[in-house]
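Q: Quick one, fold the following:
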Amino acid sequence: MAKAVTYSVTTLGAKPDGKTDSTKAFLSAWAKACASVKPPVIYVPAGKFLLRNAVFSGPCKNSRITFRIAGTLVAPSDYRVIGNAGNWLLFQHVNGVTISGGILDGQGTGLWACKNSGKSCPSGATTLSFSNSNNIVVKGLVSLNSQMFHIVVNGCHNVKMQGVKVSASGNSPNTDGIHVQMSSGVTILNSKISTGDDCVSIGPGTSNLWIENVACGPGHGISIGSLGKDLKEAGVQNVTVKTVTFTNTQNGVRIKSWGRASTGFARNILFQHCVMNNVQNPVVVDQKYCPDNKGCPGEVSGVKISDVTYQDIHGTSATEVAVKFDCSSKYPCSRIRLENVKLTYKNEAALASCSNAGGTSAGTVQPTSCL
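A: Predicted structure coming up:
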């Protein structure tokens, strides 16, 4: 093993005062690390470092760069500075990057207030993005108050996130915790996500995704979708979601697709060992998604949903209908399987509702299966 070389951002000019723009020092540390043949460490000591939007690009001369963060990175408090940049911290075309520790403070509260007041505002920056990259590890990271999404994985292979904490207000708009799309071999373990949108959202082209031991709430649950926004769209397959607790969330485990033509699909999905605590829609498939009823005139979803298993799902629903399969009339959901599902509403049996859904149930299933 070659001995790691360390580049500290402070020796390159970063100031831990939360006020001095340290973007240049971070980019300079990245340039040195990326050019290093030996596996390098970029070290961020304790303190607060102000960063504007920054792009960390590969390919690099080595495939083992570690960002070791003991401090906090803060985005500019004026959301207009990076609000239209798309991303605050973007890693692209890199191979073998580990981010260890650290707090990323997106300072998004001002932008949320702007959006919630109905004014016209920038769309906001995603806090941490990985694009077209492989062999990524994120561990022990905290993302606070992102302007828009907290973490995005797009076009990546072999990504492991563990011990990640995501925190934003339950009424913060568009602040998905972790969004995955066009990626394979992504694992999300031992994480706690509290936010104003989906805790995890799973977009088109996701395959071999494993989510385990995650606490979600507040938030909108773990969602596959929205799928079928585009006519030609990559599908979602081989997704496992296990040992997840949902508390006071809008949804539990959800699959949603636009009510319009598409080549998209979702198949080979397993939801296992899920606990619902006062969840509005614990189990939901919604294939009639059409915000503001725009762009889906009298159409039905072309997204084909099949081989979805719900195993050991129990807890409490905040509404009477705890299980809802509202599938496409053109391509009904097929091979849905319910096994040992027990959901109650106000200490009574809850209800299940099925439309265009086929499948089987085994073990105890409450509410009574409508499949």
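Q: What are the contacting residues of the helix or strand of the chain with the lowest mean pLDDT?
A: The helix or strand of the chain with the poorest confidence is strand 348-349; it has a mean of 92 (mean pLDDT, DSSP states H and E). Residues outside strand 348-349 that contact it (CB atoms under 8 Å, 6 or more residues apart in numbering) are Gln366, Pro367, Thr368. To be clear about C-beta, it is placed using only N, CA and C from the backbone, and glycine gets the same treatment.
Q: Tell me how far the nearest residue to the last one once chain neighbours are set aside lies from Leu343.
A: What it means is Thr368. Distance criterion CB to CB, 6 or more residues apart in numbering; nearest residue to Thr368, sequence neighbours excluded, is Ala352 at 6.5 Å. Ala352 is 9 Å from Leu343, where distance means CB to CB, to the nearest Å.
Q: for the helix or strand hosting Glu339, packing partners?
A: Assigned by DSSP states H and E, Glu339 belongs to strand 333-345. Strand 333-345 makes packing contacts with strand 281-289, strand 304-317, strand 321-326, strand 357-366 when contacts are defined by 3 or more CB pairs under 8 Å, 6 or more residues apart in numbering; DSSP states H and E.
Q: repeat that with 7 Å
A: strand 304-317, strand 321-326, strand 357-366 (3 or more CB pairs under 7 Å, 6 or more residues apart in numbering; DSSP states H and E).
Q: For Cys216, grab the count of nearby residues.
A: Cys216 has 30 neighbours, counted by other CB atoms under 10 Å.
Q: so it bridges to which residues?
A: Note on Cys216: beta-bridge partners by DSSP bridges are Ile193, Phe246.
Q: ok, now how distant is it from Glu339?
A: 22 Å.
Q: before we move on, back to that, quick one: average pLDDT of the strand holding Glu339?
A: Strand 333-345 shows a mean pLDDT of 98.
Q: Stretch 99-110 too?
A: 98.
Q: returning to what we had before: angle of the strand holding Glu339 against strand 321-326?
A: 160 degrees (axes from the mean of the first three to the mean of the last three CA atoms, to 10 degrees).
Q: Just want the angle from strand 333-345 to strand 281-289.
A: Using the same axes, to 10 degrees: strand 333-345 against strand 281-289 is 140 degrees.
Q: Could you list the residues in contact with strand 333-345?
A: 276, 282, 285, 305-317, 319-320, 322-323, 325, 327, 350, 356-367, 369, 371 (CB atoms under 7 Å, 6 or more residues apart in numbering).
Q: if we can go back for a sec, ranking the contacts of strand 348-349 by neighbours, who comes first?
A: Highest neighbour count within these: Pro367, with 23 neighbours (other CB under 10 Å).
Q: where along the stretch 101-250 of the chain do the strands fall?
A: Here the stretch 101-250 of the chain has its strands, by DSSP state E, counting those that start in this stretch, at 126-131, 134-139, 142-144, 151-154, 157-162, 165-167, 178-181, 184-194, 200-202, 207-216, 222-227, 236-247.
Q: wait, which of those strands is closest to Phe26?
A: strand 126-131 (13.3 Å; CB to CB).
Q: Can you give the distance from that closest one to the centre of its chain?
A: Distance of strand 126-131 from the chain centroid (CA atoms, centre = their mean, to the nearest Å) equals 11 Å.
Q: ok, now stretch 251-271?
A: The answer for stretch 251-271 is 15 Å, by CA atoms, centre = their mean.
Q: where does the residue nearest to Pro40 when sequence neighbours are not counted fall, phi/psi-wise?
A: Nearest non-adjacent residue to Pro40, counting by CB to CB, 6+ apart: Ala33, 3.9 Å away. Ala33 adopts backbone torsions of phi -60, psi -40, taken as degrees, to the nearest 10.
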